[in-house]
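> Let me see the structure of the following:
(2 chains)
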Amino acid sequence: MSRYTSVTPDDLREMLATIGVGSIDELFDAVVPEGVRLGREIDLPDGMTEQDVYDHLRDLAALNTSTEDEITFLGAGMYDTYVPALIDMLVTRSEFLTPYTPYQPEISQGGLQVMFEYQTAISELTALPVSNASVYEGPSALAAAGYLARLANRKGRFVISRAVHPHSRETLRTMARGYGVEVVEVPLRDGVTDPDAWAAAIDDDTSAVFFQNPNFLGAVEDAEALAGAAKNSPAVVVGAYDPLTLGILVPPGECGVDVAVGEGQQLGNRLDFGGPSFGFFAATEAYLRRMPGRIAGETRDVDGRRGFVLTLQTREQHIRREKATSNICTSQALNALAGVVYLTWLGRQGIVEIGDLLLQRTAYAREKLAAVDGVTLLHEQPAIREFAVRVDAPVQRVIEYCQDLGVNPGYALGRDYEEFSDGLLVALTEQRTREQIDLLAQVLGEAVAAERGARAEVTA
Amino acid sequence: MTVATETPLQREPVQTIFEKGRPGRRAFVCPDPGVPVRPRDELLPKAFQRREPPRLPEVSEPEIVRHYVRLSKRNFDLDSGFYPLGSCTMKHNPRLHERVTALPGHARLHPLQDPRRAQGALELMWNLERALSEIAGLPHVSLQPSAGSHGELAGVLLTRAYHEDRGETRTKVLTPDTAHGTNPATVTMAGLEVVKVATNEDGGVDLDDLRAKADTDVACLMLTNPNTLGLFDRNIEEITAIVHGVGGVLYYDGANLNAVMGHTRPGDMGFDIVHFNLHKTFTQPHGGGGPGSGPIAVSDRIEPYLMTPRVVRRDGDNGSGAPVFDLDFDKPKSIGRLRGFHGNYGTFVRSYAYIRSLGAAGLKDASEVAVLNANYLLAKLRAEGVDDLLPLAYGKLCGHEFVLSGAPMKRELGIKTLDLAKRLLDHGFHPPTVYFPLLVDEALLIEPTETETKETLDAFADAIVEILREAREDPEIARNAPYTTPVRRLDEAGAAKRPVIRQEL
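Residues are numbered from 1 along each chain as shown, chains lettered A, B, ... in the order given. A predicted model of the protein is given here:
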């Protein structure tokens, strides 16, 4: 008996007698054939008390430098956004935390209504009429949009901007190799997708085109122009968006995007070293019956009461099997709950205010950093919450220097872009104050000066 | 039959948070920018600006709390009662896991933090990988997949990469007709073709059919064992020999691993790839349908193709310092990424805490009690004399779950499996999985898990007995059930025909 099981010796005797076997071993003899039985105990440490497990997990946590331990400007897809306390309370309520997918709608109305509200919020945010109840996370959401396009038009090429998150591009390539679609990457010009190369890459065999807005370098793309370039092709236009910018940025549904996807972490979810979070997935009406994942719909019960069910299930794997629109079984229900509560908490005014706040602080930080000796802007495009600079010293060493002083200055772009080996991607959230930005500028200046010197010494 | 009075929850008007809002109400107080504010048009060209704000709800914080807490009360959950949903392994979710996952060192760790400053997270992932490797009997683990179906996709893509690297084009994936729907859906997504293998009269793979279909076009066999009938395939060694004999890869769907931990290992059975459902076997809370987590373990021959990045451990300085953990991106034969960052780390913390809490003996105990409970409930139902109406579909004993057929009940009493399930709701139980697996007529798939006490299992058996007794007198009662839930039977056909999937604003 462990602390999570409850069979007493008396129970065991009675249960075995009812089954008609003499022992647990005898039961397993009947269940697992002799030839494949493990003739030893598995080699794992002994169990621990709750207190000891807590201590061990706390000790491991203490080896990590979290966003509580340093002032961070690290973003690149996940952001140190404040999670309001009411979300902690709601996502740890047993009623939301411990049920499974609402297969029995009569006793799952809470979860189903949350999905319905989530879908409504995502539709509003994206200005697209159809949203599913969420998918795993951002990059795989983009890849799922590729699969939707492939099933819809059977064309053979994906065209993707190099300014899309590197993880999204890589995930798309992994998946596309599976079902045999070629992936063509369009280069950047001045920090945004090169419009001429983009237009030239799209042809009659293009299944989908993918851009990100704001893009990975933080630059706002001309979404309408990018979508417009695909207008006379069969391509499904896929836009990956940062949801927290959609209070002020023109929404995908108003600039010709067919499918909008994105990472939902910044909406009320913790960083959690990269997951779990959720990906949002919204589309035009034309793709309603091609959507991947769960969708909640409104209906009535036999007495006429308003209620909600999982709907359009004939798209899904448990019914359509090999003909399904996706193999996805579940949404990220708990993370999407945090998402819709966060959007509700922000509200109609707050989503605009937070967008403006990010815009203003980003502008300030950009100006401040550009004034630092040895730091220049990587591009001059409009930016809402993230921007890229070049530093005149080895980036990795600069980052380390800053981190030793308690400031994480951002992401080394050279990890994904050889052409930006001197690039640093700096992210703002509503938690980064002017004082912290000023500190970043000061520390970064010191770091560049020191590391530039260090390099000079090495050369000499 | 109708009930005379509505329950309070039934009377409660259903309104979405959007309908509760009033212009001007708010919960969020925006921080002051604290920087010199410039006109928006200077920073963002007018053409890129949104004209109308999204119509998000306008509500105060107390309203948000009350709305969602009230909604939560319209859910049934595992912490409140028995949840024998077959193939989902609804086992207890220890609260300790929520506490440790929420520690800022885990919860507020950025995924792109320098590995040298994320040593605790990488050590945890390494330790979890080693534990899963030992449990599966396969040497290499990737934690990246986000769910079981995502792990399956990884497995099939790895299989493809393995064959292609050897210069072979193999297109067929064998899947038993008992398989989860995700198996065939995954195969199509990976650009391969599903070939169904029949089930024999014992509920296992039909060996003759397997032999007939196993040829050099077979990329792999996907097998769940114990299968979705709750049965461990007695011919497992022969099955693996047949598939290996034609050069195929063996993929183990770990959905039912909870039956066999510490007793047998897929790697030892001859499987090359296994996916784990951390949310099932290793008690990640199901969250109302996600998040999940679907790590995979693989054999040496599959390892070169695993997703990147990989967690690696290096010896410390001079071989004497503490080991150092890192992420390795340099895997030239890797299939690449299946998602962003490193997987659902929050679920790793929980499952790792679970494995450390139980240890080897506790995990074995979990499987033993899961199998004991399932067999006990099956025997108890039989002892209560319900097997004429709800016979076991295959075999005599079961693994950690079992499938009953409601076909005789439907014939004799005129109530369907669905009616029985809905009437169980009035008894305060979550029904079993119904109408799956597909090859059993009127199927009920029951998985009690190791969590439940004998008293709970007895009470559940009593409820089944009572529902059947009641149906014999008046089948209409079950046919119109449930009566006590916040809503009663819902018009699902109507919902699909005229989809309303968002609030009209």
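> Please make it C-alpha for all contacts and neighbour counts, starting now.
OK.
> what ranges do the helices span in the stretch 1-150 of chain A?
With DSSP state H, counting those that start in this stretch, the ranges of helices along the stretch 1-150 of chain A come out as A:9-19, A:24-31, A:50-62, A:85-91, A:94-97, A:109-126, A:138-153.
> Check these for me: which has the lowest mean pLDDT.
Ranked on mean pLDDT, the bottom entry among those is helix A:24-31, at a mean of 89.
> any bit of it sitting next to chain B?
Yes. Legend: contact between helix A:24-31 and chain B by CA under 8 Å from any CA of the partner chain is shown at A:24, A:27, A:30, A:31.
> Give me the buried subset of these.
A:27, A:30, A:31 (16 or more other CA atoms under 10 Å in any protein chain shown).
> who touches the first one in this structure?
With CA atoms under 8 Å, 6 or more residues apart in numbering or on different chains as the criterion, the residues that contact residue A:27 are A:21, B:372.
> from the stretch 401-505 of chain B, which residue is nearest to chain A?
Going by CA to the nearest CA, chain A is nearest to residue B:490 of the stretch 401-505 of chain B, at 4.0 Å.
> In space, what's closest to that residue - neighbours in sequence excluded?
Excluding its sequence neighbours, the residue lying closest to residue B:490 (CA to CA, 6 or more residues apart in numbering or on different chains) is residue A:301, at 4.0 Å.
> give me every residue that touches that neighbour.
A:307, B:487, B:488, B:489, B:490, B:491.
> As CSV, those with pLDDT would be great.
Formatted as CSV, these follow (pLDDT from 0 to 100):
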residue, pLDDT
A:307, 98
B:487, 98
B:488, 98
B:489, 98
B:490, 98
B:491, 97
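> what is the mean pLDDT for stretch A:312-331?
Averaging pLDDT along stretch A:312-331 gives 79.
> Kindly apply the preceding question to stretch A:164-182 instead.
On average, stretch A:164-182 scores 96.
> So for residue B:412, which of the helices of the stretch 1-150 of chain A sits nearest?
Closest approach to residue B:412 among those (CA to CA): helix A:9-19, 26.7 Å.
> Determine the set of other helices and strands touching the closest one.
Packing contacts for helix A:9-19, counted by 3 or more CA pairs under 8 Å, 6 or more residues apart in numbering or on different chains; DSSP states H and E, involve helix B:345-383.
> Of the contacts of residue A:301, just say which sits nearest to residue A:289.
Using CA to CA, the contacts of residue A:301 come closest to residue A:289 at residue B:491, 19.0 Å.
> so how many other residues sit close to the closest one?
As a burial measure, residue B:491 scores 17 neighbours (other CA atoms under 10 Å in any protein chain shown).
> again, but for residue A:400
Neighbour count of residue A:400, defined by other CA under 10 Å: 16.
> now do residue B:457
21.
> Tell me which residues of the helix or strand hosting it come out buried.
Using DSSP states H and E, residue B:457 sits in helix B:454-473. Under the neighbour-count criterion of 16+ other CA under 10 Å, helix B:454-473 has B:454, B:457, B:460, B:461, B:463, B:464, B:465, B:467, B:468, B:471 buried.
> Residues contacting it, please?
A:7, A:11, B:82, B:373, B:377, B:380-381, B:384, B:386, B:413, B:415, B:420, B:423-424, B:427, B:429, B:448, B:477-478.
> Show me which of the residues you listed are buried.
Applying 16+ other CA under 10 Å to the contacts of helix B:454-473 flags A:7, B:82, B:373, B:377, B:380-381, B:386, B:413, B:415, B:420, B:423-424, B:427, B:429, B:448, B:477-478 as buried.
> Show me which strand runs longest in the chain.
Reading this off chain A. strand A:206-213 (DSSP state E).
> ah, I was thinking of chain B
Max-length strand for chain B by DSSP E is strand B:218-224.
> Residues touching it, excluding its own?
Taking CA under 8 Å, 6+ apart as the rule, strand B:218-224 contacts B:156, B:159-160, B:163, B:170-176, B:179, B:183, B:243, B:246-256.
> What about chain A: which of those touch it?
Answer for the contacts of strand B:218-224 near chain A (CA under 8 Å from any CA): residue B:183.
> Can you name the residues that contact residue B:374?
Residue B:374 touches B:398, B:399, B:400, B:401, B:402, B:446, B:447, B:448, B:449, counting by CA under 8 Å, 6+ apart.
> sorry, that was for residue B:356
Residue B:356 makes contact with A:45, A:46, A:47, A:48, A:53, according to CA under 8 Å, 6+ apart.
> Can you name the residues that contact the first one?
Read it as residue A:45. Counting by CA under 8 Å, 6+ apart, residue A:45 makes contact with B:356, B:359, B:360.
> what about it, distance to residue B:138?
18 Å (CA to CA, to the nearest Å).
> Nearest spatial neighbour of residue A:86, chain-adjacent residues omitted?
Among residues not flanking residue A:86 along the chain, residue B:65 sits closest, at 7.0 Å (CA to CA, 6+ apart).
> Next secondary structure after whichever strand or helix holds that neighbour?
For residue B:65, the host element (DSSP H and E) is helix B:61-72. Downstream of helix B:61-72, the first helix or strand assigned by DSSP H and E is helix B:95-101.
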